[in-house]
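Colleague: fold the following and give me the result.
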Amino acid sequence: MSVGTSFYAALWALLVRFFKVPDRPPRMALGPGEQCQQFRPAPGFLKVLRIPFWLAVFVSVLLSVPLLLLALMLEPLYVLLLLPVLFLLVAPPALLLWVAAQLRYDSTWYVMGERSLTLRRGIWTIHEMTVTFENVQNLKIVQGPVERYFGISKLLIETAGGAPVDPKTGLAPARPLLEGIEQPERLRATILGKLRQSQNTGLGDEPEHEEQSSAFRAEHLQRLREIRDELRALRMPRNSVRAELPQSVPTAAMR
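Modeller: Alright, predicted model coming up:
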């Protein structure tokens, strides 16, 4: 294990222990027989995240070389004095960019179940979002030139009934975005398949429930009609007796 790997492992353990950064993928509630798929962005996404680091190194070298040449022309001893200064100016920011890219990659998780998809990213502020497939309206594949070079894409999920604008910031909440997807067409087809399956399941259940409830009501209505007929039959003899009595008979005599 190299020094850099040991340093990063120690930093990650520190974040997990003291800052409560999750070191495992998000948990998803699953029904009987359901399974979930856990995955991270493709390795090309980490290369894209490290581009700021390489740009910083390139700019630092581009600015340092003329200074070193000028010092060499004036006095060779100045080069020895200038090198530590340049290293202290360049190394800490470059190291910070490298570590930030690695943390960004390691903290990104995607968990896809039979009914929903959960996304989580972030170290200082952890963002976790769950999208149910029933609310998915559209899936867009976004690919810039840099992502195209590294063979990755973004998958943007558009849902129905988006959350309202935050009154404090005046901004709309972020839409679900899967970054660093190596085969976006395949993932989009999988999500669309789960969406159709969810819709078909919902539509198939409704007629069955309606048929059962209709049969239930018809059976009870028939029973109520039978009870009504029986009550009418019981009341008929009593009404006949009252009809045969003369009208002049006093009420006491009737009793």
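Colleague: how about the backbone phi and psi for Leu177?
Modeller: Note on Leu177: backbone dihedrals following degrees, to the nearest 10 are phi -140, psi 120.
Colleague: secondary structure of Val61: a strand, I assume?
Modeller: No - assigned with DSSP: H, G, I helix; E, B strand; the rest coil, Val61 falls outside any strand and is helix.
Colleague: pLDDT wise, what is it at?
Modeller: In this prediction, Val61 carries a pLDDT score of 91.
Colleague: number of nearby residues for it?
Modeller: 11 (other CB atoms under 10 Å). Quick note: C-beta positions are derived from backbone N, CA and C, even for glycine.
Colleague: go on, the one 10 residues further on?
Modeller: A total of 17 residues lie near Ala71 under the criterion other CB under 10 Å.
Colleague: wait, it touches Tyr78, no?
Modeller: Yes - contact criterion CB atoms under 8 Å: Ala71 and Tyr78 qualify, at 3.7 Å.
Colleague: Leu103 and Glu182, how far apart?
Modeller: Leu103 is 21 Å from Glu182, where distance means CB to CB, to the nearest Å.
Colleague: more neighbours, the two?
Modeller: Applying other CB under 10 Å to Leu103 and Glu182 shows that Leu103 carries more neighbours, namely 19 against 16.
Colleague: measure that one to Arg24 for me?
Modeller: Distance check for Leu103 against Arg24: by CB to CB, it reads 16 Å.
Colleague: mind listing the helices for the stretch 151-255 of the chain?
Modeller: Remark: helices assigned in the stretch 151-255 of the chain by DSSP state H, counting those that start in this stretch are 184-244, 251-254.
Colleague: low-confidence ranges in this protein?
Modeller: The chain contains residues with pLDDT under 70 at 1, 161-174, 201-217, 236-255.
Colleague: now do the strands in it.
Modeller: Here the chain has its strands, by DSSP state E, at 37-39, 109-112, 116-121, 127-132, 136-142, 153-159, 177-181.
Colleague: can I get these in JSON lines including distance to Leu15 and mean neighbour count?
Modeller: Output for the strands of the chain, formatted as JSON lines (distance: least, CB to CB, whole Å; neighbours: other CB atoms under 10 Å):
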{"stretch": "strand 37-39", "distance to Leu15": "20", "mean neighbour count": "13"}
{"stretch": "strand 109-112", "distance to Leu15": "15", "mean neighbour count": "20"}
{"stretch": "strand 116-121", "distance to Leu15": "14", "mean neighbour count": "20"}
{"stretch": "strand 127-132", "distance to Leu15": "16", "mean neighbour count": "14"}
{"stretch": "strand 136-142", "distance to Leu15": "30", "mean neighbour count": "14"}
{"stretch": "strand 153-159", "distance to Leu15": "26", "mean neighbour count": "19"}
{"stretch": "strand 177-181", "distance to Leu15": "21", "mean neighbour count": "21"}
